[in-house]
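S.K.: give the three-dimensional model of this entry:
(2 chains)
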Number of protein chains: 2
Amino acid sequence: MEEKKISSAVIRRLPRYYRYLGELIESGVQRISSKELSDRMKVTASQIRQDLNNFGGFGQQGYGYNVKYLYDEIGKILGIDRKHNMVIIGAGNLGQALVNSGDFAKRGFIIKGIFDNNKELEGKSVNGVSVMMMDNLKKFIKNNDIEIVALTLPKEAAREVAKDVCEAGITAIWNFAHTDLSLPEGVIVENVHLSESLMRLSYNIANKGNKN
Amino acid sequence: MEEKKISSAVIRRLPRYYRYLGELIESGVQRISSKELSDRMKVTASQIRQDLNNFGGFGQQGYGYNVKYLYDEIGKILGIDRKHNMVIIGAGNLGQALVNSGDFAKRGFIIKGIFDNNKELEGKSVNGVSVMMMDNLKKFIKNNDIEIVALTLPKEAAREVAKDVCEAGITAIWNFAHTDLSLPEGVIVENVHLSESLMRLSYNIANKGNKN
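M.R.: As a prediction, this is how the structure comes out:
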């Protein structure tokens, strides 16, 4: 696909388009108009037309979008047209929840290992993945072509482990710890701060009356 | 606090300020300059000044911000100056992870119950909260002044349960299911779509070379 400049606002919306297009494919839909997609996604048809015209895939007027084509193009932009190997660090409930979710593997994120420093968890099988101890981590990262590390740890531990894995060559961290990690330049972090999400919910509860 | 119009961009950034101010309080810091806060939060000092001037709390030039005052004012805006009762529906790993996290209670989100329809989990204690069966849910919501329902369920189940709890009077849903819920007007939903977060990470990996 040729290089094209796509705005960051469009990029932010792409995973949601990708999800809807994936659901359409699962239901056997091959083409969809911006109007139909707009009704489903509850965004305006003109926003959809603007966003998706970035990717071509626009059939003749009246024929709508080629669902599979758009899905694939958006997948390429999102970098999920290839596999990413991942490890989870922290085998508590949240870490185990990630390993048990089939959604990630479906999108090419392959969980190769789960690590903890709790000896009691050593060898426990979570969805077919054995819990390993932290002293094996660096070697495992090197030998298994690991690209992404998910941190499901308390914040102090997360800060330490983040440093270690960066030293081991990791440049992409999916951080669930309730802190911002301070990391070497070039390391990409995506934060999932659940408390902040809950505060946005409570803000919206508090301000329900005076929406505008 | 008097009514003031605060932009939605500022609102989105507030939970992060709240978190940093909370950490400062924990370390015994009473006042902080926008420069110091800027270094910690990695945003410009002028952005911080602009954002926080919405809340007053600006001491004399050179004295910096009153940390506790700002923390409390932001807490009020976010609606976390009062308690919110919450139930978790879905006692899998993710549901249990939420119940086990102390962070939410600290911010006034009190988990009153956890529900599932798996008989094997009935009565299991998760961080002192017993797993209850779904047929008790509606009654429990009414008798315990529940305001927020967290859905940690597969998407089909989440859609059904969301309808049920709205009928039981719930108007705020924290949705972890990998779907957008279609709900009656006036119901507030905050989505945590983990797959989308992971796709943003992979987008940033794919586009690391051509940042600008």
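
S.K.: got the buried residues for the longest helix seen in chain A?
M.R.: When every helix of chain A is counted residue by residue (DSSP state H), the longest turns out to be helix A:8-26. Neighbour counts over helix A:8-26 (16 or more other CB atoms under 10 Å in any protein chain shown) mark A:10-11, A:13-22, A:24 as buried. Every C-beta, even on glycine, is put in place using the N, C-alpha and C of the backbone.

S.K.: does any part of that helix sit near chain B?
M.R.: Yes - applying CB under 8 Å from any CB of the partner chain, one finds helix A:8-26 in contact with chain B at A:11, A:12, A:14, A:15, A:16, A:18, A:19.

S.K.: the residue most central in space within chain A and residue B:98, how far apart?
M.R.: Geometric centre of chain A, nearest residue: residue A:104, 7.7 Å, by CA atoms, centre = their mean. Distance, residue A:104 to residue B:98, using CB to CB, to the nearest Å: 19 Å.

S.K.: what sits up against the helix or strand encompassing residue A:112?
M.R.: When secondary structure is defined using DSSP states H and E, the element that contains residue A:112 is strand A:109-116. For strand A:109-116, the external contacting residues (CB atoms under 8 Å, 6 or more residues apart in numbering or on different chains) are A:80, A:83-92, A:95-96, A:98-99, A:104-105, A:122, A:126, A:129-134, A:136-137, A:140, A:144, A:146, A:148, B:198, B:202.

S.K.: starting at the chain centroid, how far to that strand?
M.R.: Averaging C-alpha positions (CA atoms, centre = their mean, to the nearest Å) puts strand A:109-116 15 Å from its chain's average.

S.K.: stretch A:179-197 now?
M.R.: When distances are taken as CA atoms, centre = their mean, stretch A:179-197 is centred 13 Å away from the chain's centroid.

S.K.: just stretch A:23-35 next, same as before
M.R.: On the basis of CA atoms, centre = their mean, stretch A:23-35 is displaced by 23 Å from the centre of the chain it belongs to.

S.K.: ranges for the strands of chain A?
M.R.: A:31-32, A:65-66, A:84-89, A:109-116, A:125-126, A:129-133, A:148-151, A:172-175, A:188-191 (DSSP state E).

S.K.: looking at these, which is buried most?
M.R.: For those, the largest average neighbour count (mean count of other CB atoms under 10 Å in any protein chain shown) is found in strand A:148-151, namely a mean of 26.

S.K.: now do that one: which elements does it pack against?
M.R.: Other helices and strands packing on strand A:148-151, by 3 or more CB pairs under 8 Å, 6 or more residues apart in numbering or on different chains; DSSP states H and E, are strand A:84-89, helix A:155-167, strand A:172-175, helix B:194-206.

S.K.: again, 10 Å this time
M.R.: Here strand A:148-151 touches strand A:84-89, helix A:93-100, strand A:109-116, helix A:155-167, strand A:172-175, strand A:188-191, helix B:194-206, going by 3 or more CB pairs under 10 Å, 6 or more residues apart in numbering or on different chains; DSSP states H and E.

S.K.: paired strands for that strand, with orientation please.
M.R.: strand A:84-89 (parallel), strand A:172-175 (parallel) (DSSP bridges).

S.K.: give me the angle between the first one and strand A:129-133.
M.R.: Translated: strand A:84-89. Between the direction of strand A:84-89 and that of strand A:129-133, the angle (axes from the mean of the first three to the mean of the last three CA atoms, to 10 degrees) works out to 60 degrees.

S.K.: domain map for chain A?
M.R.: According to automatic domain parsing, chain A comprises the domains A:8-77, A:84-196.

S.K.: the shortest one: end-to-end distance?
M.R.: If I follow you right, that is domain A:8-77. Terminal residues of domain A:8-77 lie 12 Å apart, using CA to CA, to the nearest Å.

S.K.: ok now it, how far from the chain's centre?
M.R.: Averaging C-alpha positions (CA atoms, centre = their mean) puts domain A:8-77 19 Å from its chain's average.

S.K.: equivalent analysis for the longest one, please.
M.R.: For domain A:84-196, the separation from the chain centroid amounts to 14 Å (computed by CA atoms, centre = their mean).

S.K.: could I get the contacting residues of residue A:119?
M.R.: Under the criterion of CB atoms under 10 Å, 6 or more residues apart in numbering or on different chains, the neighbours of residue A:119 are residue A:133.

S.K.: let me redo that: residue A:122
M.R.: Contacts for residue A:122 were tallied using CB under 10 Å, 6+ apart; they are A:91, A:116, A:130, A:131, A:132, A:133.

S.K.: what's opposite the nearest residue to the fifth one once chain neighbours are set aside in the beta bridge?
M.R.: So that's residue A:132. In this structure, residue A:132 finds its nearest non-sequential neighbour in residue A:115, 5.2 Å apart by CB to CB, 6 or more residues apart in numbering or on different chains. Judged by DSSP bridges, the bridge partners of residue A:115 are residue A:89, residue A:132.
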